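J.: take this sequence and fold it.
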Amino acid sequence: MKECRRCLFNDSFAEIAEHQCEYCDLHDELERQSAEPGGLDNLLEAIKWNGRKKKYNCIMGISGGLDSSTLLYAAVRYWNLKPLVIHFDNNWNAPEATHNMTQLVNKLGVDCINYKVNKQEYDRLNDAFLWAGVPDADIPNDIAMTKLMYDTAYKYGIKYILNGHDFRTEGSTPKPWTYMDAKYIRSVHNKFSGLELHNYPLFTFKDQLFYALIGIKNVRPFHFKWDRESMEVEMKRYINWQDYGGKHCENVYTEFVGSYLLPNKFGIDKRIVYLSAQVRSGKLKKEEAREKLNQKSEFNMSKLGDKESRITKLIGIRKMGREQFDKYDFKKYRRLIWILTKLKVVPFTFYVKYCL
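T.: Here you go, the predicted model:
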């Protein structure tokens with residue numbers, strides 16, 4: 001395999017030209033965009049101006065993880081924003097994450113809406129993805145959270161959704177490794193159960209267009225340059241932070257997918273994404289990142305509790321491709337999505353991943 005000269009990616013899942021992979025190119029483009037005049041100051045001014053007569057001027061999700069916790073802390077303590085916070089409780093929160101969320105919400109004095117999942121339907125949907133044998137077992141949580149944030153923003157007249165993604169530390173997951181859209185989720189669930197989804201919050205392409213056209217923006221403040229490291233240290237001290245383990249391990253099911261299912265069944269180790277992002281950003285040297293990657297990923301299956309035996313059985317049934325299921329053809333709407341990207345209502349990374 002040919003490896004990118006700059007990061008740890010190789011040509012088994014990324015295109016490499018002139019010795020550099022497409023994701024290093026994407027990183028450089030995002031750095032260029034982040035350096036545009038005004039940057040974070042202009043964004044914060046727009047949020048405050050738009051919400052100047054409202055109780056809330058932005059909305060954000062919180063998981064008890066490092067990214068969302070740091071974002072909320074910065075938004076309230078340093079940027080003087082008025083966020084409405086929401087949490088999607090899928091019954092898999094790590095106890096440390098629950099502590100972090102509770103401390104932040106209480107100490108910052110922000111309003112938080114806790115959405116509870118329909119447990120029976122959500123468990124059936126998770127089972128469907130394990131049964132299908134596709135490497136997308138954790139996407140139901142992400143797309144539900146997206147739907148809830150947009151719906152809640154619309155309900156309260158909020159125009160800005162703050163997203164905690166940071167391309168300098170998280171990077172972008174290779175296109176062959178993950179996929180999500182509402183039609184795909186509905187198709188996987190239907191083929192497994194023969195039932196329709198009734199309570200699960202599906203974020204459809206129609207939803208995406210509607211919310212984009214009425215001007216709700218999904219923005220990523222971490223994409224601008226600022227002293228995030230110092231903010232993380234301060235936030236942890238402020239709430240007596242409890243460590244839940246590695247990247248995205250604040251949710252036990254997400255940890256299971258990333259640390260056990262993907263590497264063992266599909267040969268996918270998402271740590272390469274996070275480590276390569278840090279190499280591109282100069283936070284790690286390439287050989288330091290390789291050494292970390294060579295340490296075996298571990299997951300204690302007993303964390304799954306009484307679902308351990310069922311999950312173990314389901315993941316051993318089959319391994320399939322996504323072509324067996326219905327999906328949106330985003331490339332068909334490429335020009336429209338490009339316009340929405342330029343208007344900053346659709347993330348640039350969405351356009352790159354689904355339209356090119």
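
J.: now the helices for the stretch 251-356 of the chain?
T.: Assigned by DSSP state H, counting those that start in this stretch, the stretch 251-356 of the chain shows helices spanning 252-256, 271-280, 286-293, 308-315, 334-342, 348-355.

J.: the fourth one - contacts with which helices or strands?
T.: When you say that, I think you mean helix 308-315. helix 119-132 (3 or more Cβ pairs under 8 Å, 6 or more residues apart in numbering; DSSP states H and E). In this view, the C-beta of every residue, glycine as well, is placed from N, C-alpha and C.

J.: show me which residues of the helix it packs on are buried.
T.: Residues of helix 119-132 classed as buried: 121-122, 124-132 (neighbour count, 16 or more other Cβ atoms under 10 Å).

J.: picking that back up, which stretch among the helices of the stretch 251-356 of the chain comes nearest residue 324?
T.: Closest to residue 324 of the helices of the stretch 251-356 of the chain is helix 308-315 (Cβ to Cβ; 16.4 Å).

J.: avg pLDDT for the closest one?
T.: For helix 308-315, the mean pLDDT works out to 94.

J.: what lies in contact with that helix?
T.: 127, 130-131, 256, 261, 265, 301-302, 304 (Cβ atoms under 8 Å, 6 or more residues apart in numbering).

J.: in those residues, find the pair that's most separated.
T.: 131 and 302 (22.2 Å).

J.: I'd like the helices of the stretch 251-356 of the chain as CSV, with distance to residue 232 appended.
T.: Putting the helices of the stretch 251-356 of the chain into CSV (distance: least, Cβ to Cβ, whole Å) gives the following:
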stretch, distance to residue 232
helix 252-256, 20
helix 271-280, 14
helix 286-293, 19
helix 308-315, 33
helix 334-342, 29
helix 348-355, 23
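
J.: and those as TSV, adding distance to residue 169 and mean neighbour count?
T.: Formatted as TSV, the helices of the stretch 251-356 of the chain follow (distance: least, Cβ to Cβ, whole Å; neighbours: other Cβ atoms under 10 Å):
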stretch	distance to residue 169	mean neighbour count
helix 252-256	17	22
helix 271-280	6	22
helix 286-293	12	15
helix 308-315	29	15
helix 334-342	22	15
helix 348-355	14	18
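
J.: SS state for residue 53?
T.: The three-state assignment at residue 53 reads coil, by DSSP: H, G, I helix; E, B strand; the rest coil.

J.: residue 9: which of the helices of the stretch 251-356 of the chain is closest?
T.: When the helices of the stretch 251-356 of the chain are compared by Cβ to Cβ, helix 271-280 sits nearest residue 9, at 5.8 Å.

J.: apart from its chain neighbours, what residue comes closest to residue 123?
T.: Spatial nearest neighbour of residue 123, chain neighbours left out: residue 307 (7.7 Å); criterion: Cβ to Cβ, 6 or more residues apart in numbering.

J.: my bad, should have said residue 77
T.: residue 108 (7.3 Å).

J.: circling back: and which of the contacts of helix 308-315 is nearest residue 162?
T.: residue 256 (27.6 Å).

J.: residue contacts, that closest one?
T.: 299, 301, 303-304, 311.

J.: tell me the buried residues within those.
T.: By neighbour count, with 16+ other Cβ under 10 Å, those hold 299, 303-304, 311 as buried.

J.: and those as a markdown table, adding distance to residue 151?
T.: As requested, the buried ones among the contacts of residue 256 are arranged in a markdown table below (distance: Cβ to Cβ, whole Å):
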| residue | distance to residue 151 |
| --- | --- |
| 299 | 33 |
| 303 | 31 |
| 304 | 30 |
| 311 | 30 |
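
J.: roughly how far apart are the residue nearest to residue 77 and residue 72?
T.: Counting by Cβ to Cβ, to the nearest Å, the gap from residue 108 to residue 72 is 7 Å.

J.: more neighbours: those two, which one.
T.: Using other Cβ atoms under 10 Å, the more surrounded residue of residue 108 and residue 72 is residue 72, with 25 against 17.

J.: so the more buried one makes contact with residue 85?
T.: Yes - under the criterion of Cβ atoms under 8 Å, residue 72 makes contact with residue 85 at 6.5 Å.
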